[in-house]
Each structure stands twice: as structure tokens, then as C-alpha cells.
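Student: The sequence isn't on hand, but the structure is:
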């Protein structure tokens, strides 16, 4: 038969850093009580207060170190990171924000973000997003313009979240942004070039339709020229002097039939192109070969047009040169479209060659047909080194070759994208990459090549490893602290029992010690000689709960 049984309630996990002012007050009360109690109780109170004090100091130092680390990460991040209070005032403004906006953190802290950076038409939508973020504590993504200190606009893609207090009330909003201004401009320019090209095609189609209808209406007059283009048509003698021009040709040159005949057409050649055009026209009329040229016209009103002129010699039955017949087409819109497209392609090329992401295109045989500068930099080789070669040709490790062979084969066979992660050697050592592989289709919808976009995630992987390691260390530390508290409790109980005279008073002291050390509540029952169990001691961290139990 045992003398007593100890029945603890569920134990909460506390570290010294979580001790509150209420805990300190409870320990102090125990210390005051100890002056009227036994020396053992006094020693217990002094030990508990000392442990609380030094534990709190150690936790404060750890928290300060963690705060400094987090501050460094925020300030050195390439992303824009801004922290707002619940009213929208700026609390934190990292170096990427300073670089992008031209404002220093000191200039913007405690100011409302919409008063400094938002354009007028976006203030209300952003405030609505912010209010919803505060009300619903949800994660959101949003894109809007930020106005810089010098008046420029930068287009930012934001990811937003909140920090709440213990009651679930939002204290801070954290916005992480990426400046996508250049990408947005490239997308707009590309869309514009596509629109212009589509418009040009439609207009050209309409011109061909009109020209065809005009040709049918004048079939008898143009029967001998039915095989020529329905655009501008001219005829010239063997010396190159115009003898005929159809209405379309006259419209392009903006001349009447009388003005264009002979060498009158030469008066419309743009001054900067005149010497080149006449020289080539003279050579053509002498040699009687094929003639094709593009040059500018300048009308009497100063309108500049680009035209494409093609001509072929005409011979008599005896083979004698008797003249020339040719066509004229207005290609002004095509020239403008080509110029816009060339500019757009240059912008895209600049983007591809300067992005830190690795970009590769492979054909059906898995040979490299394009690599950007990021590939060359990572491997320390020129771009030409990779072109036309497969992974095996480049000397990649066998397991890496197998992975690429299987992935590319799957993408080209299924027509669906694949996302893979792998490690590869680079000039900076072994790096980790996340790669997206997508198929590229021909005009019939059949995959003909693969596009690979790989991003270096070495630092992300390292950060994740460090986070897991810290989590393991923290768990071990908490376990050690719990074990230490348990050992200290048992030691103090042993002391109390060794020095005890009044059994029930000692058991009450043990129950209170258990609540202060390792449990929320403690009940001690005593088994009598007649096997009856009697509750002899009760202690609980919550006074209201203790009153209920006593009643």
C-alpha cells in the first residue's frame, strides 16, 4: 500500500523566454511566504527567482541576435520589402526600396505609403486591398505603380501578408515586391508590334482586294499585263524612260500621267536615295538583267513613302531589247512594322542576355540551338561552345545526362511542361537549380523544340537547410530545459520530504511546487489503511479553477 499518489494535469511547454510578469509576481509571493516557512522553502524561492532572472537575460540576448539577423536579411534582400502598421504608415523600408524609389528610410518612416508613392488613380484601390488585408488577415497579391522621388513610375508586383497579435488583431502588414517595370514595358512593346503587324496584314489584304476588283473592271485595258502585280505598273523604253503608268502607280508617286512619263518619276526620289537609285537603274537598263530595289519617295507635299520596285526586260521576237515592265508597291507600313519589330526583338534579346536565369532551347535531337549569357557565365565558356551539342557532347555527368534525356523526351512526346530540380557544376562550385521545361510547337501543333528556363536556388536551399537545423536545435534545447525542470522539481521534493514533520502540510507544499515548476495543476491523494483514497492537497495555476475545485 502506497502512502500517496500524485496526479498531474497536462503540462504546458514553456521556455524561460516566455515567463511573464505574472510569473515573476508568483515567484516573489512564494519568496515572501518562505520567510515564514522552513529553510527549504526559502531556498526554493530564491532558486526559482534566480533561474527566472538569468533565463530571461539569456533569452533577451538570443532574441536580439535573431532580430539583427532578420534585419540584415531584410536590408540585403533584392526584393522590395516594406512593413506597414495597421493604419498604413511605413515602419520598415529596406535598401531595395531605397534604391528603387530614391527615398531613404528616414524620409518615409511614419508616413502613409499612399501619400508618398501611389499615383492618384490607384490610391483608392490600394486602400481597399489594405483594408481587406486588415479585416480578413489573408494573403494577397497585387500590382500597382510606385512613384519615385524623381517622378518616374515603377510597376511593382506585390505579395502581401499580415502579423497579428495574440488576439488575432492585425499589427503589421508586410509587402514583398518585385520591380517588373522593364518586363511590363517589353510585354507592351511586343503586344504593340503584334497589333501593328496584324493591322498591316489586314490593310495589305484590303489593298490587294481593291486592286483585284479594279483589274477585273478594266480587264480589256490590262489584258496584256494580267500576269503582273495589281499594285503599281509601269512600262519604260530601252533607255529607261517611262512610257506608261497605271493609276495605282500614279497614286503611289502622287503624280499625273503627264508628270511621270519620261524621266519625270525621278523628281520624286528622296534626295538621300537619289544617287543610289539612278546609278542602279542605269546599270540595269544597260545590262537588261533583273531589277529589284527599295527606296524612299518624297511627294510635293513632303510625304515620305517607302516603295518596292521590281522590273524585267522585254525583248522582241528577234531577241532585241525593246523596253522594260515593272511593278511598284507601297511598303511604308511594312518598313514601319519591321522597324518596330526589330526594336521589340532587340529589347527581348537584351532581356534574355541579361537575366540571371539560365535559358536554353534544344531541338528534337536534344542538341542546344540557343543558350543565353547566363549559361556562358556559369560554365566559363563562350556561347558558341554549346551550340549544336548534346548533354553528352558537353561532358555532363552520366546521371545528369540521363535526367535531361528522360525529361526532354517526355516533354516532346507529351507536349506538356515538366518542372525538375537538379545540381550542376559551375564556375562558383556546385549549384542547385529549379528548371521549367516547356514544349515549342510548329505550325501543325507538333512539338519541335523545348525551352528550358532554370533558376539558381542554391541560396534558397541553403536557407531551408539552416532553418531545419535551427528547428532541430530549438527542439533539443526545449527538451533539455524540460528535463532540467523535472530534475530540479524531484530534487526539491526529495528535500521537502526529508525535512518534513507534518505530512499533509508537506504534501500541500509539494503540490504547489509542482504547479510552479512543471504543471498547471496538481492533485495529491492519500490511500488509508482501509483502502480509502482521500484528497489531501490541491494546487492550480488559475485561482478561479482552484476555488471551483475546493467548493
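Tutor: Good, I have the coordinates. Just so it is clear, the model here is predicted, and its values are computed rather than measured. Numbering: from 1, shown residues only.
Student: quick one: the helix ranked longest in the chain to chain centroid distance?
Tutor: The longest helix of the chain (DSSP state H) is helix 458-498. The chain centroid and the centroid of helix 458-498 are separated by 38 Å under Cα atoms, centre = their mean, to the nearest Å.
Student: Looks like residue 449 contacts residue 360 (just checking).
Tutor: No - taking contacts as Cβ atoms under 8 Å, residue 449 lies outside contact range of residue 360: 10.4 Å. The C-beta positions use only the backbone N, C-alpha and C, and glycine is treated the same way.
Student: Next one, pLDDT for residue 404 please.
Tutor: On the pLDDT scale, residue 404 is placed at 90.
Student: Need the nearest residue in space to it, chain neighbours excluded.
Tutor: Distances taken as Cβ to Cβ, 6 or more residues apart in numbering place residue 391 nearest to residue 404, at 4.9 Å, with adjacent residues excluded.
Student: and the one you found, helix, strand or coil?
Tutor: Assigned with DSSP: H, G, I helix; E, B strand; the rest coil, residue 391 falls in the coil class.
Student: Neighbours of it, how many?
Tutor: 20 (other Cβ atoms under 10 Å).
Student: isn't it right up against residue 397?
Tutor: No - at 9.3 Å, residue 391 does not count as touching residue 397 under the criterion of Cβ under 8 Å.
Student: quick one: secondary structure of residue 300?
Tutor: Under three-state DSSP, residue 300 comes out as coil.
Student: contacting residues around it?
Tutor: Residues near residue 300 by Cβ atoms under 8 Å, 6 or more residues apart in numbering: residue 254.
Student: Now the phi/psi pair for it, please.
Tutor: Dihedral angles of residue 300 (phi, psi; degrees, to the nearest 10) stand at phi -60, psi -30.
Student: can you check residue 424 too?
Tutor: Given degrees, to the nearest 10, the pair of backbone angles that residue 424 has is phi -150, psi 150.
Student: average pLDDT across the host helix or strand of residue 306?
Tutor: For residue 306, the host element (DSSP states H and E) is strand 304-315. The average pLDDT within strand 304-315 is 90.
Student: Please, where are all the helices along the stretch 201-350 of the chain?
Tutor: 247-253, 257-260, 274-287, 332-354 (DSSP state H, counting those that start in this stretch).
Student: circling back: dump the residue contacts of the residue nearest to residue 404.
Tutor: Counting by Cβ under 8 Å, 6+ apart, residue 391 has contacts 366, 400, 401, 404, 405.
Student: Got a ChimeraX select line for the buried ones in those residues?
Tutor: Buried subset of the contacts of residue 391, written as a ChimeraX selection, criterion 16 or more other Cβ atoms under 10 Å:
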select :366,401,404
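Student: ok, the contacts of residue 391 vs residue 148, which is closest?
Tutor: residue 404 (43.0 Å; Cβ to Cβ).
Student: Isn't the closest one up against residue 397?
Tutor: No - contact criterion Cβ under 8 Å: residue 404 and residue 397 do not qualify, at 10.6 Å.
Student: tell me the phi and psi of the residue positioned nearest the centre of the chain?
Tutor: Centroid-nearest residue in the chain: residue 178, 6.4 Å away (criterion: Cα atoms, centre = their mean). Backbone torsions for residue 178, taken as degrees, to the nearest 10, come to phi -130, psi 130.
Student: partners of it in the sheet?
Tutor: residue 157 (DSSP bridges).
Student: do the same with residue 235
Tutor: Listed beta-bridge partners, residue 235: residue 244, residue 325 (assigned using DSSP bridges).
Student: do you know how far it is from residue 245?
Tutor: Relative to residue 245, residue 235 is positioned 8 Å away (criterion: Cβ to Cβ, to the nearest Å).
Student: can you check residue 307 too?
Tutor: Relative to residue 245, residue 307 is positioned 13 Å away (Cβ to Cβ).
Student: now residue 389
Tutor: 56 Å.
Student: Looking at those two, which has the bigger crowd around it?
Tutor: residue 245 (26 against 14).
Student: all helices for the stretch 51-200 of the chain, in order.
Tutor: Along the stretch 51-200 of the chain, counting by DSSP H, counting those that start in this stretch, helices occupy 95-101, 105-108, 113-116, 120-136, 181-217.
Student: So which of these is nearest residue 269?
Tutor: Distance to residue 269, taken as Cβ to Cβ, is lowest for helix 181-217 among the helices of the stretch 51-200 of the chain, at 22.8 Å.
Student: which other helices and strands contact the closest one?
Tutor: Applying 3 or more Cβ pairs under 8 Å, 6 or more residues apart in numbering; DSSP states H and E, we find helix 181-217 packed against strand 153-164, helix 247-253, helix 332-354.
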